[in-house]
Structure formats: structure tokens, C-alpha cells
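**Q** Sharing a model prediction with you, sequence too.
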Number of protein chains: 2
Amino acid sequence: MNVKETVDIQRASQILKLLSDKTRLTMMKLLSSHECCVCEFVEIFKMSQPAISQHLRKLRDIELVKEERRGQWIFYSINCEHEEYMLIKSILDQLPEQDESIHELKKQGLRISCN
Amino acid sequence: MNVKETVDIQRASQILKLLSDKTRLTMMKLLSSHECCVCEFVEIFKMSQPAISQHLRKLRDIELVKEERRGQWIFYSINCEHEEYMLIKSILDQLPEQDESIHELKKQGLRISCN
DNA sequence: TGTGTATATAAGTATATTATTATATACTAC
DNA sequence: GTAGTATATAATAATATACTTATATACACA
């Protein structure tokens, strides 16, 4: 089975549009190495919970991220099986690590996930 | 001298936003292998001349493309010296070739440039 | 069951984006 | 100079986007 080498322009622009928002792009970079739940993003971005939820919904709608409920929380993670994951990864790989936000969360005792 | 390995998120999202428009993304892919002038784009995209000019202006404003006047025409080309060219190229490389549009232009005798 | 916490959705608003039409500018050729 | 072609810019209108506030839903635990 062949791996697809190129991405339809229509499709690519749809993905780029979603990634072109600073908040969503940072979310994706964070998710590329750490699972996060909604309340962590609210803390990291200092944004309202509905605003965060709506960004995540957009990412979820085209399946850039996966969600998994664990008890009270819903954990988001990168969907590595995305058909255009190569494109997505090649972009995220060129962004600086966002570990500082995660460390900050931990320091404040607000980190939920373990990774 | 070191080559920069990562792109500031703010900067990356600015670039992605410009590339996320279907017309501009196609323009950039075309320009990555062919110089083009404004009237060629008007023909290719079947859009008004001001609409094309405004897209090119946005690309030019953050120096994704260069312009060069030759007589009546202004030729646009990719700016390979762009500070974030790696990011840009890695995206364009994953898009399908758009040579068909150029062949179509030539067939109709509307191609201006030689490449 | 009731209360608290986490998340999602709906409706509304402010702002950004992309087109259009009208007009200006720059060059060519007579 | 004038006419024609190529391109840019300005003003405007339609649409899309990203927030806000209010409310609904889902789970935890006493």
C-alpha cells in the first residue's frame, strides 16, 4: 500500500486555516508531546472555557485531535493516524517546544495528566 | 553561522494564515516552479485583476514573494531567501504540482514568462 | 438525590477577510 | 502628446472568525 505523497490543495488550505490561529497552533504543538485536558488549556492560555472548547471542537471536527473521557475530564491528544499527518507533523516539528507551559502548570499543581 | 531550526509560533501562524487561502496557496505552489505575472494569475484563477493584486500584495507584504518589473509586466517569484523559507518549502513540497495551469496558459497563447 | 466540577453548545457581537466596482498609476507604442 | 495595456489602490459589501455571556450536559461524590 502506498503512502500518499501530496495533499490536495483544497484539503491543505483547510488544514492550514485551522493551524493558522495562534492559539490552535500552540495547542497542537503542546498536544504533539503532551496529552492535555480542557481546563489545562484554559489555565495555559488564560482564555475562557468556551473559547478553548470551541477551538478544540474545530480541531476535532477535521480529526486533527482525538478526545478521550476519563471520569470528569476529557483528554485531548494528537491524531497521528490523520490522513494528512505528514503535513501536520512537518509544520509542528518546526515550532519551538512549549514545555515551559506544562512545567508552569505542574509548578502550580494544576497539571492533570501524567505525561 | 547557524541556521534557525524553529519558527516563533506568532510568526508561523502569520505565515500559515497567508498560505491558508486556497488561491494564495496555489499561487505559491505555482511560483515555486514558475515565475508568473499578474495577468497570468487572472487567467488561471478566473478572478478579477484587483482580487489577484490584493492576494499578491499580502504575499509581498511579508516577503513570501518578490516582484520585478519588466516593461509592462510585473513578474512575481518565490522569495527563497525568506527567513522562514524552510517552513514554507516543507509545506509547498507536499502539494501536487500545478503545471497543468501553465500548460493550459501556453496552449491558449497567454503565457508571458519563458520558464 | 443534590451539589460541585468539567466540558459543550447556543446566541450574539466585534473584528477580520475576501471579494467587487471605481479609479489611479506606470509603461508601451504610435 | 494620446490610446491601450498591465497593475495597484481605495471604498465598500458580504461573509467568516473568534470572542463573550448564558445555559445545558456529564460525571463525581457525599
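**A** Nice, thanks for sending it over.

**Q** Check whether the spatially closest residue to A:D8 that is not a sequence neighbour sits in a helix, strand or coil.
**A** Once flanking residues are discounted, A:D8 sits nearest to B:P96: 7.1 Å by C-beta to C-beta, 6 or more residues apart in numbering or on different chains. In this view, the C-beta of every residue, glycine as well, is placed from N, C-alpha and C. With DSSP: H, G, I helix; E, B strand; the rest coil as the basis, B:P96 sits in coil.

**Q** and B:P96, how many neighbours?
**A** Number of residues near B:P96 (other C-beta atoms under 10 Å in any protein chain shown) recorded here: 13.

**Q** Ok, A:S20 next?
**A** By the criterion of other C-beta under 10 Å, A:S20 has 20 neighbours.

**Q** cool, A:R57 as well?
**A** Around A:R57 there are 11 other residues, counting by other C-beta under 10 Å.

**Q** same deal with A:K107?
**A** Neighbourhood size, A:K107 [other C-beta under 10 Å]: 9.

**Q** just A:L18 next, same as before
**A** Neighbours around A:L18, by other C-beta under 10 Å: 20.

**Q** That one contacts A:R11, correct?
**A** No. Using C-beta atoms under 8 Å, A:L18 is not in contact with A:R11, being 11.3 Å away.

**Q** model confidence over the longest helix anywhere in chain A, on average?
**A** Counting residues, the longest helix found in chain A (DSSP state H) is helix A:49-61. For helix A:49-61, mean pLDDT is 98.
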